[in-house]
Each structure stands twice: as structure tokens, then as C-alpha cells.
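J.: sequence? don't have it. structure:
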């Protein structure tokens, strides 16, 4: 028997356990400690042990690391998990700026100007305090060997590419225990070799670190591995439009992709940038933990190619195999010939499949791709440059609905951006807008929610926000219907009960996933208000009050 020191709360306690045998449950190192909670899981260090049990939780995390032929390592539940339950909490191995980035502080990762530059490496920081932070000391020594970065034009485009790979490489000497968590992560070197970014990174990361920074202690292959591990496994933590930052997470790097995910990441956008994985729905013991690497509402025409290009596998899940995407219709076009049928890929797993309607009309994959990508580019340009222009969004919707099923990705993307601004204005209520506009908002919301209820069911911020916007408008329209005698008290009572149920779900989802913006704060407050209004309406015996501008 040996005495092992295992931290299970804010203090370190002594526990007598048998000497653990074999490897650490998460890395290749020999295990030295055994969990004193379950006495089943062994690990090499307290740091790795915190990936199995963490202070503040009553139980060990309900997952284990499994391995499947053709897939590799993956995470699987060890017991039944209820919707909203935390499956694990993890700290990133490294965090740093995105590759192409406007000036950002390398210490606190805030968007900044260039008024203060580090005296050593020449990179911009908030101030002297950030530049002197111990976290920057070693990387500054490396970067100081090179010419200071050019913070404008193509120079700025190149400046931040080496930072995260350098930080991952420095972990080998700074914190070898953390570094071991990245050792077994895939870098897909052979698949990446010869790609545009491979060529770029050879010049601006590999050559830069070895020659410009004179860091010959790392081989070309070691630097390439660091680049690849980050490319394949890194996650964006925050996007500030002109800049942002991403991290490498030890457990989430092992989580599989599914086009209909069952879990959600909850990323803390402030230091220490902790990630919490929560169950998006009820999970059974032995079920694989899965997230979507991309927006679940993406159509398979775009999604499968993005998965292939980014993660080097062909998705053949049940959703990808079904021409209708399991009834979500995110990939379905309207037939331009018969005007009544749907254009669907004849062979969904064939990237070049013809698209066919039951009437016999066909379109090539290239023609469909050009149409879809053209509209999605319009969406991107509008939300980046004039996202609060409701008239422009409605004009795009009018043009798009001629080509796309009401649940297609293009329509869903329009809905995502326009729902929060339709029927809104400073000092205005819904009664100040045309009823036709509110009905269009409801139409968009119903179709978007129908998609989300299939591809992102359960715990989802997109679902919560859409339900809030939908109920906000539906309550108003229901009041008009009741006032005008279009529905009786029994019918209105059923609708209101449904509204209350949805607002309870909105509140629950946001309490699990957290609030990260002013709009999300409004959703939480608004959901509580709508629930209260709905409860009051249940007691109203006759007609609602008058409204105006019902045209």
C-alpha cells in the first residue's frame, strides 16, 4: 500500500489506495494516482485527475475514453446522463489569437490598437503590465530574435500565425504534464500536405520559428505537428470580427462529430477560458458523446464538403444519407419546372450527384452549389456590414423563397439574423408595425424552429432565442384573433399554455448555457415577462384591448 496525495477539493487530502497499474486514463504516462471518489480511474498527475473529478462536483465526471477502429479515441458516457447535466469541465492546453487577426493583446486577448508595443518582440499589448506578464516571457525571448511584426496589410495577416504553435511547443518545457495531453491528438499530416495552408505555414510558421527566431531545438516535423494538431483540434473561443482567439481543449479534441449532436460546449470567453460540456438531451450509459463541428443548420451540400476539408473524413451519418436530411429539409430546393415538387440529390453521399425532382427535372451539382453559395455570400455580406437593415433582409427573403424550401439553410440563416430585429424599434411595440410584418416573422420563426427541433434538439441557444422571438409575436397575433372573434376562449387557452411551456424551456436553456450578450439578457428578461403576460391572459374573460396599424 502507498499513500497518494489526490486533490478532490480546494485542499489536498491524503488517501490510502493500492498502487495504480497501467497508464493514465488520458495520456500515455504511467499512472501514479487513483481517484479516491470512485477508486476506478487512475492518472499520472493531479492536473490530469481534474479531468476526471473536479472540485465543486459531487460525483466523478460521467465519461470514459474509448477507442473504436477507424475512428480512434472517443468519449463515452459511463451512466445515464440527464439533459443539461455537466459531463466534464476542462481547461485549455493553450489559448491564443486566431491566425488572421487585427492587433490583439497576447496576454489578455483583448482587441487593441498599436500604441503600446512590447520592447522585446514588438507585438502590441494593452500596456506595460500585460507585456510584462510571466505568460509572455518565454515566447517573447523566442519572438525577439526575429524582425518585429508588420502590423498592417499582408504583414498583419502573417503576424499571428506562429503564436499558438509556438505556445504549444513551449509547453513541452514549461508544463510537460499539460503538453502530454496533446501528444496523441491527430494532426492529419498526410492529408494536409500540399494544401494552401501547408504551403503558407511552411514559410510563415516553420521557417519563421526555425530560421527567423533561431529555434533549432524543434525539428520541422515537430513544428508541423503542432500546426496540424491545432488546425484539426482547435476551437474558436471568441470571434471579435476583426480578431479573435481559439484554444486547444484536451477532452473536446476527442469528442466526435455528429450532424445531429447530443451535447453542447459552454465556453468561458474570459480567462482561464474553461470549457464545460453539457448534455443537450438525455443520454444512455455507453452512448457516444458528440457535438457538431459546424452549425447544425448547415445544408449537407456545404456541410459534408466542409467536414471533408477541415477534418478529413466523409460523414455518412443517417442525416447525410437521407435526401431530406431526416425531414429537416436544410438541403431541399424548390423545383423551378413544376413549381410544386422538391429538388433533392439523387445520391446524397455523392458530392457530384445530380439533383432531381419527381417531375423529372434535373439540375447539376455545380448549378445548385453556385445558387446556394451565392445566397450564403449575400447573407454574410449583409450581416457583416448592415445587419440591422430589416428591409434588406426581407428583400433577400422574398428572393430566396422562390428557390429554397422554407427550411433550407439559406432561409434559416436569414431567419437567424432578421428575427431579433423585426417588429423592434426604439420606443415601439409590435402594434406600431404592420401585422403583415409580424406574420412574416412568425412564418420565419416556425420554419427555423422546425429545423432546430430536428438538428439541434434539446439544449440550444438558437432554439431558445427562436422560441422567444416566436412567442413574443404569437401572443400579439393571438390577442388580435381573440379580439376579432377568430378563436374562442378554449382555443386561446391552449395556445397560451403552449406559450408558457416554451418560455419555461427558454429560461431553462439559458440557465444551463449562460448569458453572454446584451441580447441574451433581453431574452431571459423577456421570457419571464412573456410568461407573466401569458398567465394573466388566462384570466381575461372577454376581448383584449384595441390595437392599431393592423394593415
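T.: Yep, that arrived. Not measured: the values here are computed from a predicted model.
J.: Pull out the buried positions in stretch 45-64.
T.: 45-54, 60-63 (16 or more other Cβ atoms under 10 Å). (Each C-beta comes from the backbone N, C-alpha and C, glycine too.)
J.: Between the two ends of it, what distance do you get?
T.: 17 Å (Cα to Cα, to the nearest Å).
J.: And it, how far out from the chain middle?
T.: 24 Å (Cα atoms, centre = their mean, to the nearest Å).
J.: Over to stretch 194-208?
T.: 27 Å.
J.: Would you reformat the buried residues of stretch 45-64 as JSON lines and include distance to residue 404 and pLDDT?
T.: Formatted as JSON lines, the buried residues of stretch 45-64 follow (distance: Cβ to Cβ, whole Å; pLDDT from 0 to 100):
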{"residue": "45", "distance to residue 404": "53", "pLDDT": "96"}
{"residue": "46", "distance to residue 404": "53", "pLDDT": "95"}
{"residue": "47", "distance to residue 404": "49", "pLDDT": "96"}
{"residue": "48", "distance to residue 404": "48", "pLDDT": "97"}
{"residue": "49", "distance to residue 404": "50", "pLDDT": "97"}
{"residue": "50", "distance to residue 404": "47", "pLDDT": "97"}
{"residue": "51", "distance to residue 404": "44", "pLDDT": "97"}
{"residue": "52", "distance to residue 404": "46", "pLDDT": "97"}
{"residue": "53", "distance to residue 404": "48", "pLDDT": "96"}
{"residue": "54", "distance to residue 404": "45", "pLDDT": "94"}
{"residue": "60", "distance to residue 404": "47", "pLDDT": "97"}
{"residue": "61", "distance to residue 404": "42", "pLDDT": "98"}
{"residue": "62", "distance to residue 404": "41", "pLDDT": "98"}
{"residue": "63", "distance to residue 404": "39", "pLDDT": "98"}
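J.: biggest separation within those, which pair?
T.: Largest separation among the buried residues of stretch 45-64 by Cβ to Cβ: 45 and 62, giving 21.7 Å.
J.: Tabulate the buried residues of stretch 45-64 (a markdown table), appending secondary structure and distance to residue 22.
T.: Shown next, in a markdown table, are the buried residues of stretch 45-64 (DSSP: H, G, I helix; E, B strand; the rest coil; distance: Cβ to Cβ, whole Å):
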| residue | secondary structure | distance to residue 22 |
| --- | --- | --- |
| 45 | coil | 15 |
| 46 | helix | 18 |
| 47 | helix | 18 |
| 48 | helix | 14 |
| 49 | helix | 15 |
| 50 | coil | 19 |
| 51 | coil | 17 |
| 52 | coil | 15 |
| 53 | coil | 18 |
| 54 | coil | 22 |
| 60 | coil | 18 |
| 61 | coil | 19 |
| 62 | coil | 21 |
| 63 | strand | 18 |
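J.: So which of these is the closest to residue 282?
T.: Once Cβ to Cβ is applied, the member of the buried residues of stretch 45-64 that ends up nearest residue 282 is residue 62, at 12.4 Å.
J.: show me the contacts for the closest one.
T.: 77, 78, 79, 81, 85, 87 (Cβ atoms under 8 Å, 6 or more residues apart in numbering).
J.: Return the members of those residues classed as buried.
T.: Judged by 16+ other Cβ under 10 Å, buried ones among those: 77, 78, 81, 85, 87.
J.: bridging residues for the third one?
T.: Beta-bridge pairing for residue 81 (DSSP bridges): residue 283.
J.: From what I see, it and residue 280 are in contact.
T.: No - using Cβ atoms under 8 Å, residue 81 is not in contact with residue 280; the gap is 10.3 Å.
J.: Just list the residues touching residue 471, thanks.
T.: 499, 502, 503, 530.
J.: Kindly confirm my reading that it is in a helix.
T.: Yes - looking at residue 471 with DSSP: H, G, I helix; E, B strand; the rest coil, it is inside a helix.
J.: Skip the chain neighbours and tell me the closest residue to it.
T.: residue 499 (4.9 Å; Cβ to Cβ, 6 or more residues apart in numbering).
J.: swap in residue 66?
T.: Nearest to residue 66 is residue 76, by Cβ to Cβ, 6+ apart, at 4.5 Å.
J.: can you pull up the bridge partners for the one you found?
T.: residue 64, residue 288.
J.: which SS state does the residue nearest to residue 471 fall under?
T.: Residue 499 - assigned by three-state DSSP - is helix.
J.: From residue 22, how far off is it?
T.: Using Cβ to Cβ, to the nearest Å, one gets 55 Å for the distance from residue 499 to residue 22.
J.: higher neighbour count, these two?
T.: residue 499 (23 against 8; other Cβ atoms under 10 Å).
J.: Touching, that one and residue 534? I think so.
T.: Yes - between residue 499 and residue 534 there is a contact at 4.6 Å, judged by Cβ under 8 Å.
J.: any shared contact partners between these two?
T.: Contacts common to residue 499 and residue 534, judged by Cβ under 8 Å, 6+ apart, are residue 475.
J.: My read is that residue 365 contacts residue 354, right?
T.: Yes - the pair formed by residue 365 and residue 354 meets the contact definition of Cβ under 8 Å, at 6.9 Å.
J.: list residues touching both of these two?
T.: By Cβ under 8 Å, 6+ apart, the residues touching both residue 365 and residue 354 are residue 345.
J.: lowest average confidence, helix or strand, in this structure?
T.: strand 2-7 (a mean of 35; mean pLDDT, DSSP states H and E).
J.: and residue 162, what does it touch?
T.: Contacts of residue 162 (Cβ under 8 Å, 6+ apart): 143, 204, 205, 208, 209, 213.
J.: ok now do the closest residue to it other than its chain neighbours, which residues does it touch?
T.: In space, residue 162 comes closest to residue 205 once its chain neighbours are excluded; the distance is 4.9 Å by Cβ to Cβ, 6+ apart. Residues near residue 205 by Cβ under 8 Å, 6+ apart: 161, 162, 165, 223, 227.
J.: What are the phi and psi values at residue 205?
T.: Main-chain dihedrals, residue 205, degrees, to the nearest 10: phi -120, psi -60.
J.: Give the residue spans of the stretch 1-150 of the chain that score low on pLDDT.
T.: 1-20 (pLDDT under 70).
J.: if you set the cut-off to 80 instead, what comes out?
T.: 1-21, 69-71 (pLDDT under 80).
J.: Same check on the chain?
T.: For the chain (pLDDT under 80), the answer is 1-21, 69-71, 152-157, 240-241, 537-551.
J.: still on that earlier bit, ok, now how distant is the residue nearest to residue 162 from residue 243?
T.: From residue 205 to residue 243 the distance is 18 Å (Cβ to Cβ).
J.: separation between residue 152 and residue 230?
T.: 25 Å.
J.: Also residue 370?
T.: 32 Å.
J.: Show me which of the two is the more surrounded one.
T.: More crowded of residue 370 and residue 230, by other Cβ under 10 Å: residue 230, with 23 against 11.
J.: Residue 164 is in contact with the more buried one, correct?
T.: Yes - in this structure residue 230 lies within contact range of residue 164 using Cβ under 8 Å: 5.4 Å.
J.: Contacts for stretch 307-318, please.
T.: Under Cβ under 8 Å, 6+ apart, the answer for stretch 307-318 is 188, 191-192, 232, 257-260, 293-294, 303-304, 326, 349.
J.: make it 6 Å
T.: Stretch 307-318 is contacted by residues 188, 191, 259, 304 when judged by Cβ atoms under 6 Å, 6 or more residues apart in numbering.
J.: Count residues in the vicinity of the residue lying closest to residue 80 once chain neighbours are set aside, would you?
T.: Ranked by Cβ to Cβ, 6+ apart and with sequence neighbours excluded, the top spatial neighbour of residue 80 is residue 285, at 5.4 Å. When neighbours are counted by other Cβ under 10 Å, residue 285 registers 11.
J.: Residue 285: what's it in contact with?
T.: With Cβ under 6 Å, 6+ apart, residue 285 has these contacts: 77, 79, 80.
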